[in-house]
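J.: take this sequence and fold it.
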Amino acid sequence: MNPLLRLVRIHNVIGAGLGAFTGYVASSMWRINPVELILAVLVVALVDAGGNAINDVYDVEIDRINKPDRPIPSGAVSIGTATSLSYGLMGAGVILSALQGYLQFLVAFLVSIALVFYARDLKRTGIYGNLIVATATALSLFYGGLSYHEGTWLQRIWIPVLYTFLLTLSREIVKGIEDYRGDLANHVNTLATTRGIVSAWRVARISLVLTEVTSPLPLFLGYNLLYGVLLVPFLYVTTKAVLAETSEAGASRARSLLKGSAFLGMMAFALGSLPFQFLFHNFP
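T.: From the prediction side, this is the model:
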């Protein structure tokens, strides 16, 4: 894969764009304005790509231990190039957000600032850094809803935003467990390095189980039966992550599984928002 695409973590960027798409269609129940939807996806994807790149800039010493094949420590991309690309991408996202309105601009701008401070300072503060990432990821869906910004959009978007926050918080804690050795060597204060791997796993599992237990709730709040159908594989994959071995190796496997959980969750909210008349007319 091209080093620049690896730098911005293109798979994560696609996931962020999918989050904005999900937020938009969940809020609008598939009443789509193509221009607003495309802008929402582009803004979120650009800001996410820039945030991923600047994270690698500040993580270079840690990655020399944990992930020496990443573009910067491997020498495929220079720190200067990565920094310029990062700010350029986030800047482009913020500029595009201004075309949608001042609220969208404010969210895109604040998230961009938060991602820079996270990479530079907050990542090393443990749970506070985890909360920043979880909030920024959840705001991808919120931004999609904000781009629709009509009718009962807020009532429909808060559920997927909350679940995305909890799922991402768990994944970030698990990632800290996976990166335990490199973080410890570089004095990064994650839950795993400050409280121990067992305690960090306990917090991650509590967050995941809370998400699982409450996951049927949207069926009673206006989402259709397709949500329930997709809920089954979501619960299966998430439960496998919960039951992963309490170790660094187990955390690596759980993190991969939780990416699948996130995808299934977004699909559940997106397809679960299709209005019944659409389903009846198109799937007799």
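J.: show me the shaky parts of the stretch 151-284 of the chain.
T.: 276-284 (pLDDT under 70).
J.: number of residues surrounding the residue nearest to L141 when sequence neighbours are not counted?
T.: Spatial nearest neighbour of L141, chain neighbours left out: G23 (3.6 Å); criterion: Cβ to Cβ, 6 or more residues apart in numbering. Heads up, the C-betas are built off the backbone N, CA and C, glycines and all. Look at G23: counted by other Cβ atoms under 10 Å, it has 33 neighbours.
J.: wait, what's in contact with G23?
T.: If a contact means Cβ atoms under 8 Å, 6 or more residues apart in numbering, then G23 has 40, 140-147, 157, 160-161 as its contacts.
J.: out of those, which sit inside helices?
T.: 40, 140-147, 157, 160-161 (DSSP state H).
J.: distance to I72 and neighbour count for those - can I get that in a markdown table?
T.: A markdown table is the format used below for these (distance: Cβ to Cβ, whole Å; neighbours: other Cβ atoms under 10 Å):
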| residue | distance to I72 | neighbour count |
| --- | --- | --- |
| A40 | 30 | 28 |
| S140 | 25 | 29 |
| L141 | 30 | 32 |
| F142 | 31 | 25 |
| Y143 | 28 | 28 |
| G144 | 31 | 32 |
| G145 | 35 | 26 |
| L146 | 33 | 25 |
| S147 | 33 | 29 |
| I157 | 36 | 25 |
| P160 | 34 | 28 |
| V161 | 32 | 23 |
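J.: which one of these is nearest R171?
T.: S140 (14.0 Å; Cβ to Cβ).
J.: which phi and psi does the closest residue in space to the closest one that isn't next to it in sequence have?
T.: Computed as Cβ to Cβ, 6+ apart, the closest residue to S140 that is not its neighbour in sequence is G19, at 3.6 Å. Note on G19: its backbone torsions stand at phi -60, psi -40 [degrees, to the nearest 10].
J.: out of the ones in helices among the contacts of G23, the closest to F234 would be?
T.: P160 (12.3 Å).
J.: residues in contact with the closest residue to that closest one other than its chain neighbours?
T.: Leaving aside its sequence neighbours, P160 sits nearest to F269 (Cβ to Cβ, 6+ apart; 4.4 Å). Taking Cβ under 8 Å, 6+ apart, we find F269 in contact with 22, 26, 141, 159-160, 218, 223, 227.
J.: export those residues as CSV, with columns for distance to I197.
T.: Formatted as CSV, the contacts of F269 follow (distance: Cβ to Cβ, whole Å):
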residue, distance to I197
T22, 33
A26, 36
L141, 30
I159, 32
P160, 30
P218, 33
Y223, 36
Y227, 35
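J.: no more questions from me, cheers.
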